[in-house]
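Chemist: Sequence plus predicted model, see below.
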Amino acid sequence: MYARLTKLEAPPDRIDDTRSYTEEQVLPQLQQTEGFKGFIVLGDRQSGDVRTLGLWESQEALRDTEDAASRVRGEVEEAVGGRVTDIERYEVFVFEVEANPKQ
């Protein structure tokens, strides 16, 4: 499994907009992508820092989504007034999840 970690700086007062947009607009697009295995969004309300972690079944699936991911990042930046500051790619060595928290 492979992962793409995207770092986004959003205005702290737009953190709920960032969460909603990601859940309602980004996630459904990812779910329709071949090789998609999961998505985690982490946020800090005080700083506005957001991290998204997209999970893919293979390195090839990750590579195949690069163009679409770039487009989606631009849409997120525009929608929430944020700025993508970094994108990192990793091989996932350990993956264990117990539940899907909806909070």
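Modeler: Alright, I've got the coordinates. Nothing here was measured: the structure is a model prediction, and the numbers come from that model.
Chemist: average model confidence for the helix or strand where residue 75 lies?
Modeler: Here residue 75 sits within helix 66-80, counting by DSSP states H and E. Helix 66-80 shows an average pLDDT of 91 in the prediction.
Chemist: Output the contacting helices and strands for it.
Modeler: strand 2-9, helix 15-21, strand 83-91 (3 or more C-beta pairs under 8 Å, 6 or more residues apart in numbering; DSSP states H and E). C-beta here means a position set from N, CA and C on the backbone, and glycine is covered the same way.
Chemist: which one of these has the lowest average pLDDT?
Modeler: helix 15-21 (a mean of 93).
Chemist: In stretch 60-72, which residues are buried?
Modeler: Neighbour-count burial for stretch 60-72, counted by 16 or more other C-beta atoms under 10 Å, picks out 61-62, 65, 69, 72.
Chemist: Put the alpha carbons of it into CSV.
Modeler: The C-alpha trace of stretch 60-72 is given here as CSV (Å, rounded to 0.1, in the frame of the first residue of the first chain):
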residue,chain,number,x,y,z
GLU,A,60,1.2,2.4,-9.8
ALA,A,61,-2.3,3.4,-8.5
LEU,A,62,-0.7,6.3,-6.6
ARG,A,63,1.2,7.5,-9.7
ASP,A,64,-1.9,7.2,-11.8
THR,A,65,-3.8,9.6,-9.6
GLU,A,66,-1.2,12.4,-9.7
ASP,A,67,-2.9,14.6,-12.3
ALA,A,68,-6.3,14.3,-10.7
ALA,A,69,-4.8,14.9,-7.2
SER,A,70,-3.2,18.1,-8.5
ARG,A,71,-6.5,19.3,-9.9
VAL,A,72,-8.3,18.5,-6.6
